[in-house]
Every structure is written in C-alpha cells, then in structure tokens.
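Asker: Next one to model:
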Amino acid sequence: MKDGKLPENVLKRSVLRQFRLERDDVLIGAGIGADSAAVRLSEGEVAVFCTDPVVWTDEADAKRAVHAVCNDLACTGAQPVGLLLTALLPPELEEPVMRRMVQLIAAECESVGIQILGGHTEFTSAVSRPVISVSGMGKVCENKMIYPGGVSPGDDILVTKWIGLEGTARIARCNGQKLRQHFPAYMVEAAEVFDAYISVLPEAALAAEYGVTGMHDISEGGIFGALWELAESSGIGLEIDLKRIPVRQETIEICNFLDINPYQLVSGGSMLVAVPDGGSLVCVLQAAGIPAAVIGKAVPGNDRVILNEGERRFLERPARDEIHKVV
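Answerer: Numbers count the residues shown, from 1 in each chain. The predicted model follows:
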C-alpha cells in the first residue's frame with residue numbers, strides 16, 4: 001500500500017464491512033464522511049471515555065486492544081458502548097492482513113456487545129509494525145459512578161481471578177519453543193491461552209452493584225503498580241499480604257525460569273477492588289464463578305506495606321513492566 005489514507009473502495013470492503021453490530025443508542029456511527037460519533041444519553045447518565053494503544057504482534061492483540069479500554073471503563077462502573085480505532089500501518093502490510101486484523105477486532109467487540117463507532121486507518125512509513133490506538137466510550141448513571149480516590153482506611157482490598165494472566169499468555173506465545181524445552185507442553189499450552197480471562201466486565205458489573213469504594217484494573221506494572229496507583233489516588237496506606245495474592249502455578253514457574261517478577265507483570269484480566277466488607281463480595285463473585293481473594297486492607301497514613309511471612313517491605317513507585325524483558 002502507498003502512504004496515506006485508505007482508498008474509499010478499500011475502506012468499504014476491508015474495514016466498514018467488518019462492522020456488523022449496531023446499537024440503538026448510537027446515533028452516528030462509522031461511515032464514509034462520518035468524522036464524529038454520537039451516542040444518546042438519558043438525563044442523569046454520564047459518558048466515560050478512555051484510550052489505550054497496542055503495537056500489533058499477533059492475532060491475540062485484537063483481544064488485548066478491545067479489553068484494555070473496556071476494562072478501564074468498567075472500573076468506573078460504566079457499561080462500554082463503543083470504540084474509536086486509529087490504525088497506523090506499515091506500507092508493506094497487505095490488504096488481506098489488514099482485513100483480518102479488523103475482523104478480529106470487530107468480532108471481539110461483538111462478543112461484549114460494543115459498537116465500533118469509527119476511526120481512521122492509514123498506511124505510513126513512520127511505523128515498522130501496526131500501531132492500533134483504541135478510544136473507548138461508556139455510560140453510567142451519575143449516582144452509580146465509581147470515582148478514583150474513593151478508598152478509605154478500613155476498606156478491604158481484594159483481587160479477582162489471578163495476577164499475571166495477560167503477561168503469562170504473551171510470554172508463553174513469544175517464547176513457546178524455549179519454554180517447551182524446560183516445561184511439559186501441556187503447561188505451556190495452558191499458559192498461552194490465559195488471556196481468555198482478560199475481560200473484567202463480569203466482576204466489575206457485580207462489584208459495582210455491591211457498593212465498592214474503588215476499582216482498578218491490573219495492567220502495565222502488575223499488581224505492585226496497581227496497588228501503588230490505587231493508594232496514591234486515594235491518599236491512603238496499605239497493608240498487603242503477599243501470600244494471599246492469587247497467582248497461577250504456571251505463572252510462577254515461567255517467571256522463575258525467566259527470572260522475572262510476577263508481581264510486576266502486566267495482569268490484564270485481574271482487578272483490584274476496595275470495599276468495606278471484602279469477604280461478602282468474595283462470596284458473591286465466587287457464586288458467579290469468578291475467583292477472588294481479600295489480600296489486605298487500606299490503612300491511615302501513606303505507608304504502603306507488603307507483608308511476607310513476618311517480613312515487611314515498603315511498596316515502591318511503579319517500575320518498568322517485566323514483560324519488556326522477554327517480549
């Protein structure tokens with residue numbers, strides 16, 4: 001392809017035709033000449049927006065691109081409505097490959113009931129790999145909005161599912177041959193599909209109805225980064241029991257083998273929740289088939305402490321994600 005915007009015929013056949021889901025509350029969606037999107041909101045309803053970039057490496061990045069923004073929206077209590085996509089593609093990328101990328105993203109959107117509202121696609125020699133920027137829009141009733149900074153001393157801190165899911169899956173796919181020389185094939189194969197758990201929409205919806213004081217998806221920087229950000233936004237301290245943090249054995253084995261820290265590994269699919277009665281919420285989540293565990297409490301002051309069998313260490317500011325050492 002030549003540098004520049006897509007020709008209209010290519011845009012129609014390889015991009016717009018892949019978008020099948022249309023929501024009733026979307027008044028203006030993707031189309032030729034449609035430079036803006038419009039969504040109907042009722043009185044007392046708030047529109048929520050977020051954005052995330054993804055550098056495309058394999059087909060699993062379609063799932064990662066969609067759920068990165070959906071999970072951010074869900075942590076405010078919002079229902080995701082639609083996405084705007086900007087794709088910057090290297091000129092050597094063939095049209096069928098681009099069409100497949102769009103199909104995968106569209107299918108992932110359909111799986112969670114959100115509409116692709118529009119965007120921009122162009123080929124440019126400024127990039128050597130596809131870069132997908134995803135902007136998400138959701139809506140929530142104003143009186144049910146969950147704001148950053150709402151966590152109070154005494155709140156329980158819980159984690160849903162397991163940390164390191166997204167990172168483990170990406171590492172296993174990128175280092176499969178090396179890992180299979182050390183681990184049984186079945187273990188590596190199981191790890192490769194951990195991002196099947198990447199959506200936090202089910203647990204966020206249940207938690208939002210339960211009266212939580214804060215929610216934060218565990219993404220870049222891992223659980224340690226997310227804990228710091230949760231505490232920093234609310235101006236509170238933390239006491240967290242390291243042994244209570246749920247982590248799959250596959251993640252532990254792979255991280256040990258590659259000498260990386262699972263607690264600083266990107267963990268899309270897992271969410272931090274602050275709530276006065278964490279034990280009751282854990283029961284609600286588990287009844288819905290969603291694993292969860294209370295890992296500690298919010299405390300007065302600014303000390304963010306990690307407890308490990310009697311040892312105390314202070315949580316540090318978020319470090320560079322461990323994924324960059326091996327992927």
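Asker: ok, the spatially most central residue of the chain to residue 219 distance?
Answerer: Central residue of the chain (CA atoms, centre = their mean): residue 68, 3.3 Å from the mean position. Distance, residue 68 to residue 219, by CB to CB, to the nearest Å: 7 Å. The C-beta positions use only the backbone N, C-alpha and C, and glycine is treated the same way.
Asker: what do the two both touch?
Answerer: Taking CB atoms under 8 Å, 6 or more residues apart in numbering as the criterion, residue 68 and residue 219 both touch residue 268.
Asker: what sits up against the longest helix along the chain?
Answerer: When the chain is parsed with DSSP state H, its longest helix is helix 95-112. If you take CB under 8 Å, 6+ apart as the criterion, helix 95-112 is touched by 1, 10, 13-15, 18-21, 56, 59, 62-63, 65-67, 70, 80, 83, 85, 87, 89, 115-116, 121, 130, 132, 199, 201.
Asker: 7 Å instead?
Answerer: With contacts defined as CB atoms under 7 Å, 6 or more residues apart in numbering, helix 95-112 is touched by 1, 10, 14-15, 18-21, 56, 59, 62-63, 65-66, 70, 80, 83, 85, 89, 115-116, 130, 199, 201.
Asker: Spatially nearest residue to residue 65 (excluding sequence neighbours)?
Answerer: Of all residues not flanking residue 65 in the chain, residue 54 sits nearest, at 4.3 Å (CB to CB, 6 or more residues apart in numbering).
Asker: can you tell me the helix or strand for the one you found?
Answerer: Residue 54 belongs to strand 45-55 when assigned by DSSP states H and E.
Asker: Can you spell out which helices and strands pack onto that strand?
Answerer: Other helices and strands packing on strand 45-55, by 3 or more CB pairs under 7 Å, 6 or more residues apart in numbering; DSSP states H and E, are helix 61-74, strand 131-141.
Asker: Please dump those into TSV; it should also carry mean pLDDT for every row.
Answerer: Formatted as TSV, the helices and strands packed on strand 45-55 follow (pLDDT from 0 to 100):
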stretch	mean pLDDT
helix 61-74	95
strand 131-141	94
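Asker: who touches the residue nearest to residue 65 in this structure?
Answerer: Counting by CB under 7 Å, 6+ apart, residue 54 touches 61, 64, 65, 68, 132, 134.
Asker: Determine how far stretch 147-157 lies from the middle of the whole chain.
Answerer: 21 Å (CA atoms, centre = their mean, to the nearest Å).
Asker: List the buried residues for it?
Answerer: Burial within stretch 147-157, assessed by neighbour count using 16 or more other CB atoms under 10 Å, is assigned to 151, 155, 156, 157.
Asker: What is the neighbour count of residue 176?
Answerer: 15 (other CB atoms under 10 Å).
Asker: Can you tell me the element the nearest residue to it once chain neighbours are set aside falls in?
Answerer: Leaving aside its chain neighbours, residue 176 sits nearest to residue 188 (5.9 Å; criterion: CB to CB, 6+ apart). Per DSSP H and E: residue 188 is located in helix 185-192.
Asker: Sweet, I'm off.
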